[in-house]
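Novice: I'd like to go over a predicted model; first the sequence, then the structure.
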Amino acid sequence: MSVRLRKWKDKEGIVQDTWIVDVKYKHADGSVQAVRQTSPIQTRRGAEQHERQLRESLQNRTYGKEVTEVSNP
């Protein structure tokens, strides 16, 4: 698992933190794709779930491809 809690101080000196998902995926052709995202659910389990979904979409080659609905009049 490659999830971690990132902490930093903002301009006012207040400590901020967020869960980060960092994935390096090696495709079948040998190319490596690195993806780093903030987890939409800010818990460790939420970040781990997001990482699993991200790895699955990379494996299925659906990452970054949005499906848009076409309405027929």
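Specialist: The structure has been received and is ready for your questions. Numbers count the residues shown, from 1 in each chain.

Novice: show me the shaky parts of the protein.
Specialist: Residue ranges of the chain with pLDDT under 70: 1, 66-73.

Novice: strands along that one, start to end?
Specialist: 3-9, 15-26, 32-38 (DSSP state E).

Novice: packing partners of the second one?
Specialist: Applying 3 or more CB pairs under 8 Å, 6 or more residues apart in numbering; DSSP states H and E, one finds that strand 15-26 makes contact with strand 3-9, strand 32-38, helix 44-59. Every C-beta, even on glycine, is put in place using the N, C-alpha and C of the backbone.

Novice: centre of the chain to it, how far?
Specialist: Between the centre of strand 15-26 and the centre of its chain there are 7 Å (CA atoms, centre = their mean, to the nearest Å).

Novice: go on, the last one?
Specialist: Relative to the centre of its chain, strand 32-38 is centred 7 Å away, using CA atoms, centre = their mean.

Novice: what's the answer for stretch 46-56, then?
Specialist: 7 Å.

Novice: quick one: buried residues of that stretch?
Specialist: 47, 48, 49, 50, 51, 54, 55 (16 or more other CB atoms under 10 Å).

Novice: the third one against residue 55, yeah?
Specialist: I take that to be residue 49. No. Using CB atoms under 8 Å, residue 49 makes no contact with residue 55, being 11.0 Å away.

Novice: okay, which residue is most central for this protein?
Specialist: By CA atoms, centre = their mean, the chain has its centre lying nearest to residue 37, at 3.9 Å.

Novice: contacting residues for that residue?
Specialist: 20, 21, 50, 54 (CB atoms under 8 Å, 6 or more residues apart in numbering).

Novice: list the contacts for residue 25?
Specialist: The contact partners of residue 25, by CB under 8 Å, 6+ apart, come to 32, 33, 34, 35, 55, 58, 59.
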